[in-house]
Structures are given as C-alpha cells and as structure tokens.
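> Dropping a prediction and its sequence here:
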Amino acid sequence: MAIKVEHEIHQRRKGRNMGVGLLLAGMIAIVFGLTVVKVLQLGDVTKFEKFDHVARPQIIPEEESN
Amino acid sequence: MSDMSLNETIHPKDGHEPSMGDYYALMKPRVMSLVVFTALVGLLVSPVPVHPFIGFVGILCIAVGAGASGALNMWWDADIDAIMKRTAKRPIPSGKVAPGEALGIGVALSFFSVVLLWLATNALAAGLLAFTIFFYAVVYSMWLKRLTPQNIVIGGAAGAFPPMIGWAVATGSVTIESVLMFMLIFMWTPPHFWALALFVKTDYGDAGVPMLTETHGRDSTRKHVIVYTALLVPVAIGLGFTSIGGPVYLTVAVLMNAWFFKGAYDIWKRDDAAADADNYAVEKSVFKVSLYYLFAHFVALLIEAALRLNTGTF
C-alpha cells in the first residue's frame, strides 16, 4: 500500500513544519560550529584528549614517559 | 485516531493555524532589533577580541532571550493588550496564537538562550541574560507595570541590559564602561517615552495601567522629562572619559545632549494650551531627537572602537 498524506493537517501545517525543520537545522549548525571553534581555540589538541581505557603515549606527560 | 482533537484543544475558536510569522511577532521584532544593535555595540567596543562565530552566537542568544521575554510579556498582558488599540492586533488578543503556546515558547526560548549563551561564552553573560528576562517578564510585566506610574523607568532597565551583556560576552566582566552604557539607555528611556506620551492619546487608563500623564498630570510629566534628561547628560558625557570614549564620542555627546536638553527644557517651559496650539510640535520634535540621540551615541562608540583598531591602541 502506498504511503500517502492521510489528513489535510499535513498540508495546512507545511509552512510551520518547514520552519521548525529549518530552526532545528540551524541549531545543529550552531552547536557544530561552536564545537569546531572551541576545539580549534585550544591550540594544542592534546588538551582535549583524555584517557579512554586505552594507553596513548602521546598524552602521557614527558617526565612520566621517560 | 485523528489529530484534529488536539488541534481543536489548542485553537477552539476558529481553528486558525498559527504561522511562523505569528510566532515571530510574539517576540516583538522591533524591540529585538534595538537589542541586537546595542548588544552588538557592547560587544564590538570591548577591548577583548571575540571569535566572529562566538560573537554571532552570543548576539543571537541575546536576541532570542529578548524575544522570549517579549513572548512572556504578551502572554501575561494578553488581557490588557486586547483592550488597547495599539496592541489589540498582537498574536494572542487577535486569536492567532493561544496563550499557552506563547507561554511555552517564552519559557523554552528563555532556557535555550541562557544555556546556549553560557556554553558559547561565559556564566556572567548568561546570568545577566537570565536576570534581564526575569526582570522584564516578572519584575516589570507581572509586578510593577500595573502598580506604579514609574513603570516605564523600571521597564527601561530591562532594555538597558543588552550592551552590558554584549560587553560581558567579550570580557566576562562588568566594568564602568558597561555600567555607563546601561545607564545611558536606562536614563534615556523615561524622557523618550514621556515625550511620546504627551502627544499620543493612549488608552492605558482604560486597561488599568497607571501612566504618569494620567496619575500625576501632564505638567508633572513635563517636569519628569526635564529632570530625567538632566540626570542623563552627565552619564552620556561621562562615558566619553572611559576607555571606550574619545574625541569623536565626546563631540557627538556634547552636541546631542545640548540638543536633547534644549528640547526637554522647551517641553518643561510650556503647558498643554501652548502644545495644543501647535499640535504638540515641540513634543513630537523632542521624541524624534531622542531616537537620533541614542543611535548617535552608540554609533560614536563604534567609530571610536574602529579608530582604536586602526591605531592599535586600547
């Protein structure tokens, strides 16, 4: 059976739904953009890295690794 | 199951479907534009450079926060908005948006704007935005607007916060510069509004909102205009001696304050008989000057910031 619009409300609310969709897309873009900017502002990306149950020599402080 | 039942619950009257434009109108776009302008100036004149994207998000949050408080104001004041001609066509009294929807949008956008501003910038800027929304929606709209004829003075404080928030977005602090930018708008609002109240016949009285022209009379309003303008002048000039002022700002401030004070003096010196005779020409002219006044001061601050950028000083 083909999927079809079952109610006129879908047509009536088309503009509103598009608006809400665009707002959500805008919010995603803002959060993504903020994440990129904040991470890039750290300069040294190792500041952002944490131990994740995996040994990563690149984030062990110098004195400990020697 | 049909979703018509839900639709009928929200819009029982005529089944009008609110558009995005109706929701946008809830946010008082004209007020938002002033908020964006003053907040942007507060951000741009600060000594701390801000990443353009973070600055954009900061201003967006301030605008959305202002819009949220506008929606909350419209929700609370729907009863009096329906009585007054100027406001009768607003989304709630005209039946375009249900009161509950306005409340939901106001609360949701308030939280959204404050939390996002905190994440994007700092806790102080977010705290100031939260306080501004609380102040406008609760202290002004719910508490004092219908209680005192000084309501416009109190409401003016909410409108004065945006440059202070913009400054806090960049610097993470409150300083003499941001306090004076706040004071500039705070002291400017009463004479600006009362000059308008003198020549516009309002129906605030019918709605039970005490306005100075009606509770204390028009002569008293004229006195209030000159007193508040006299208090405004040192604030406006004083800003010129801070780190964000300079010769361009001071020149503009001296000229604009002389112009505005002369107008306020003229309003004070005459009575309603004289005003009636020339159809409130002076009051109308002072109201116009007050619009140029605020715009000129903030543009002058921007020019000073641009000059500092060119010369590399701060």
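Yep, that arrived.

> Looking at chain A, which residue is nearest chain B?
A:G19 (3.8 Å; Cβ to the nearest Cβ). (C-beta placed from N, C-alpha, C; glycine too.)

> Show me how far the longest helix anywhere in chain B is from its chain's centre.
When chain B is parsed with DSSP state H, its longest helix is helix B:281-311. Distance of helix B:281-311 from the chain centroid (Cα atoms, centre = their mean, to the nearest Å) equals 16 Å.

> Flag every buried residue along it.
Along helix B:281-311, these residues count as buried under the neighbour rule (16 or more other Cβ atoms under 10 Å in any protein chain shown): B:282-284, B:286-287, B:289-290, B:293-294, B:296-298, B:300-302, B:304-305, B:308.

> what is the mean pLDDT for that helix?
For helix B:281-311, mean pLDDT rounds to 96.

> again, but for stretch A:14-29
Confidence for stretch A:14-29, expressed as mean pLDDT, is 93.

> what's in contact with it?
B:17-20 (Cβ atoms under 8 Å, 6 or more residues apart in numbering or on different chains).

> In the chain, mark out all the helices, start to finish.
No chain was given, so I picked chain A. Counting by DSSP H, the helices of chain A are A:8-12, A:14-41, A:62-65.

> Not quite, go with chain B.
According to DSSP H, the helices that chain B contains are B:4-10, B:20-26, B:29-44, B:52-76, B:78-83, B:99-120, B:123-134, B:151-171, B:176-199, B:212-215, B:218-239, B:247-269, B:272-277, B:281-311.

> Now render the ones you listed as a markdown table, adding distance to chain A.
A markdown table is the format used below for those (distance: least, Cβ to the nearest Cβ, whole Å):
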| stretch | distance to chain A |
| --- | --- |
| helix B:4-10 | 7 |
| helix B:20-26 | 4 |
| helix B:29-44 | 15 |
| helix B:52-76 | 5 |
| helix B:78-83 | 21 |
| helix B:99-120 | 6 |
| helix B:123-134 | 14 |
| helix B:151-171 | 13 |
| helix B:176-199 | 24 |
| helix B:212-215 | 40 |
| helix B:218-239 | 31 |
| helix B:247-269 | 32 |
| helix B:272-277 | 46 |
| helix B:281-311 | 21 |
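
> worst average pLDDT in the ones you listed?
Of all these, helix B:4-10 has the smallest average pLDDT, which comes to a mean of 43.

> quick one on the thing from earlier: which members of the contacts of stretch A:14-29 are positioned in strands?
If you go by DSSP state E, those have nothing in strands.

> Out of these, who's the most crowded?
Using other Cβ atoms under 10 Å in any protein chain shown as the neighbour criterion, B:P18 leads the contacts of stretch A:14-29 with 20 neighbours.

> neighbours around the residue nearest to that one when sequence neighbours are not counted, how many?
Excluding the flanking residues, the one nearest B:P18 by Cβ to Cβ, 6 or more residues apart in numbering or on different chains is B:V97, at 4.8 Å. Neighbourhood size, B:V97 [other Cβ under 10 Å]: 26.

> The one 10 residues further on now?
Other residues near B:V107 come to 16 when the count uses other Cβ under 10 Å.

> Show me what the longest helix of chain B is packed up against.
In terms of contact count using 3 or more Cβ pairs under 8 Å, 6 or more residues apart in numbering or on different chains; DSSP states H and E, helix B:281-311 is assigned the packing partners helix B:29-44, helix B:176-199, helix B:218-239, helix B:247-269.

> repeat that with 7 Å
Contact analysis of helix B:281-311 by 3 or more Cβ pairs under 7 Å, 6 or more residues apart in numbering or on different chains; DSSP states H and E lists helix B:29-44, helix B:176-199, helix B:247-269 as its packing neighbours.

> Can you say which of the ones you listed is packed in most?
helix B:176-199 (a mean of 22; mean count of other Cβ atoms under 10 Å in any protein chain shown).

> list the helices and strands that one packs on?
With contacts taken as 3+ Cβ pairs under 7 Å, 6+ apart, helix B:176-199 sits against helix B:29-44, helix B:151-171, helix B:212-215, helix B:218-239, helix B:281-311.

> Check what contacts the third one and list those residues.
By that I understand helix B:212-215. With contacts defined as Cβ atoms under 7 Å, 6 or more residues apart in numbering or on different chains, helix B:212-215 is touched by B:149, B:194, B:197-198, B:205, B:220-221, B:224.

> So of those residues, which two are at opposite extremes in space?
B:G205 and B:H224 (17.6 Å; Cβ to Cβ).

> got the residues of chain A near chain B?
Along chain A, the residues adjacent to chain B under the rule Cβ under 7 Å from any Cβ of the partner chain are A:7, A:9, A:12-13, A:15-16, A:19, A:30, A:33-34, A:37, A:41.

> Give me the pLDDT value at A:V39.
On pLDDT, A:V39 comes in at 86.

> Can you report how many residues lie near it?
By other Cβ under 10 Å, neighbour count at A:V39 equals 12.

> got a list of what B:A102 touches?
Residues in contact with B:A102 (Cβ under 7 Å, 6+ apart) are B:26, B:71, B:74-75, B:92.

> Swap in 8 Å and give it another go.
B:26, B:71-72, B:74-75, B:78, B:91-92.

> what's the closest non-adjacent residue to it?
B:W75 (4.1 Å).

> again, but for B:F37
B:F298 (6.8 Å).

> what's the spacing between the residue minimising distance to the centre of chain A and B:A125?
For chain A, A:F32 is the residue whose C-alpha lies nearest the centre (Cα atoms, centre = their mean; 4.7 Å). From A:F32 across to B:A125, the span is 21 Å (Cβ to Cβ, to the nearest Å).
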